[in-house]
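Visitor: Okay, sequence plus prediction incoming.
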Amino acid sequence: MESARSGGVTADARERGVLVSRSCEVPDVSFRAFLTEQAVPRIHWSAPDGLELVGGRAAARLVAAGPDRFDALREGARSIFADADHDGPAVTRPRMLGGLAFTDDHDAAPPWEGFPAAEFVLPAVQLTRATDTTYLTVSRFAPDADPAAVASDLEAARDRIADLPAMVPSGDPPGVHRTRHRTDAAQWQAQVGEAAARIREGSLRKVVLALALDVDLDAEVDVPSVLERLRRTYPQCYRFLVQPTEAAGFFGAPPERLVRLDGRRVEAEALAGSVARGATPEEDADLAAALVGSEKIQHEQGLVAEAIRDQLEPLGEVTVGEQTVHRLATIQHLRTPITADLAADEHVLSIVEALHPTPAVGGLPPGEAARTIRETETFERGWYASPVGWFDAEGDGEFAVAIRSGVAGGRRATLFAGNGIVGDSDPAAEWEEVQLKYRPILDELERR
Ligand SMILES: C=C(O[C@H]1C=CC=C(C(=O)O)[C@@H]1O)C(=O)O
């Protein structure tokens, strides 16, 4: 088909829709106050490097399900970004934000109503904060998207946010009325025992078994405030919110990067193996030394690093960096950085597809681990432990692994936590360890 150009936009793109996006610098404003004013879908992404994005409403939305969900997303992204017209600093370039469910046959059963098997949104209105500067962006994707109209929408949006406060207090936690384990301690420990036995038999090498905790709250939860408090306690972590409907939002403070792609440079990591923080510096150091010195935990970590390296190796030159102890407020992990220089251009979604789920949240071999998880866990993982993040028109992007997370709305929340199980896992010790992974979110819901 001949693509006649009119105003920099091809005729066929005009029939489909064309993306027009305008950005300007604005005085700093409370991202929480902004987010609260937005209609759904609402989205929040913060990375430890300081990039922070919040957006409301969808100028464009990509939804996909089934085994071809990554193909559908890449194809949809191509058509949204074709002939995109953006005016503003590079950091405000159009990005699709969202993520995927853990499995492609995701069932949107409670508490996951409204969450598709994959969803990415290009916010109609967005704030971006990077290197202490705040920007406002307005985007429209429509066959008749008109740059002049978008520029005037940007002016109107700028006037509206001028009335918002620069800061709002992060508020009090809602308070926890009651918690209920979906799987009780005895039942989960039996599951761990069976998985460990299966591993010793040889068909399985590692599996991550998860738990869900239902929480009744004393008051309605304000998720953006929870995220704000998490920023203070877990500054080294990502923070995200994906809220497709008013009913509930999926949010968390994951310490784990799945992947960052910038041009042909891939940054990934193996994060696995956990121990508590100590009450004193000495105890803390002893616990870290026990983590590093544990053969079982090194094996668990090694499997994750090996799997990530094996997935990246066909794509380029891989470097496995030095292992460190990653210390967070309530837990410490083993962490190995893994980088790759790609031989050819790739879309970050293709790298996500290759890596997810890593054995830090799935297991090895992947098919056998998936079968074990399906046969063992009695709740829907939904988007827990799945890739959440963003990608742009170039196919660059960054994704975290959505752990230390929960889905919440009104006076209810469901939190998730999982542990890597290997052949010599002790079920009682695994139970104690997995409880630590609820702490980041639970602490911010509980009244002190
Ligand atoms: C699956 C989770 O953590 C993973 C990441 C770090 C350490 C892990 C572990 O020690 O088992 C898990 O692999 C979770 O937090 O729900």
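Guide: Cool, got the structure.
Visitor: From here on, just use CA atoms for contacts and neighbour counts.
Guide: Will do.
Visitor: secondary structure class for Gly50?
Guide: Per DSSP: H, G, I helix; E, B strand; the rest coil, the secondary structure class of Gly50 is coil.
Visitor: What count of nearby residues applies to it?
Guide: Residues near Gly50, counting by other CA atoms under 10 Å, number 14.
Visitor: before we move on, what about Ala408?
Guide: As a burial measure, Ala408 scores 25 neighbours (other CA under 10 Å).
Visitor: Then Ala90?
Guide: Ala90 has 9 neighbours, counted by other CA under 10 Å.
Visitor: Repeat that for Asp443.
Guide: Neighbour tally, Asp443, other CA under 10 Å: 16.
Visitor: where's Leu19 relative to the ligand, distance?
Guide: Counting by CA to the nearest ligand atom, to the nearest Å, the separation of Leu19 from the ligand is 37 Å.
Visitor: Give me the phi and psi for that residue.
Guide: When quoted as degrees, to the nearest 10, the phi and psi of Leu19 stand at phi -90, psi 120.
Visitor: ok, it touching Ser79?
Guide: No. With contact defined as CA atoms under 8 Å, Leu19 does not reach Ser79; the gap is 9.5 Å.
Visitor: quick one: which of these two has more around it?
Guide: A count of neighbours by other CA under 10 Å puts Leu19 above the other of Leu19 and Ser79, at 28 against 17.
Visitor: ok, the more buried one - contacts?
Guide: Contact analysis of Leu19 by CA atoms under 8 Å, 6 or more residues apart in numbering lists Ile80, Phe81, Ala82, Asp83, Ala84, Asp85, His86, Ser139, Arg140, Phe141, Ala142, Ala145.
Visitor: Helix or strand for the closest residue to it other than its chain neighbours, just tell me which one.
Guide: Distances taken as CA to CA, 6 or more residues apart in numbering put Phe141 closest to Leu19, at 4.3 Å, once the chain neighbours are dropped. Phe141 belongs to strand 133-142 when assigned by DSSP states H and E.
Visitor: which strands and helices sit next to that strand?
Guide: In terms of contacts (3 or more CA pairs under 8 Å, 6 or more residues apart in numbering; DSSP states H and E), strand 133-142 is packed against strand 18-26, strand 52-63, strand 118-130, helix 147-162.
Visitor: The first one pairs with which strands, and in what direction?
Guide: Right, the one you point to is strand 18-26. Sheet pairing of strand 18-26 (DSSP bridges) gives strand 85-87 (parallel), strand 133-142 (antiparallel).
Visitor: The ligand: which of those is closest?
Guide: Across the strands paired with strand 18-26, the ligand has its closest neighbour in strand 133-142 (31.6 Å, CA to the nearest ligand atom).
Visitor: which residue packs closest to the residue nearest the centre of the chain, ignoring adjacent ones?
Guide: Nearest to the geometric centre of the chain sits Val388, at 3.0 Å (CA atoms, centre = their mean). Counting by CA to CA, 6+ apart, Val388 lies nearest to Gly99, which is 4.1 Å off, once chain neighbours are set aside.
Visitor: I figured Glu25 hits Arg129, correct?
Guide: No. Between Glu25 and Arg129 there is no contact under CA under 8 Å: 9.7 Å.
Visitor: near the ligand, which residues of the stretch 151-300 of the chain show up?
Guide: Neighbours of the ligand within the stretch 151-300 of the chain, by CA under 6 Å from any ligand atom: Leu271, Ala272, Gly273, Ser274.
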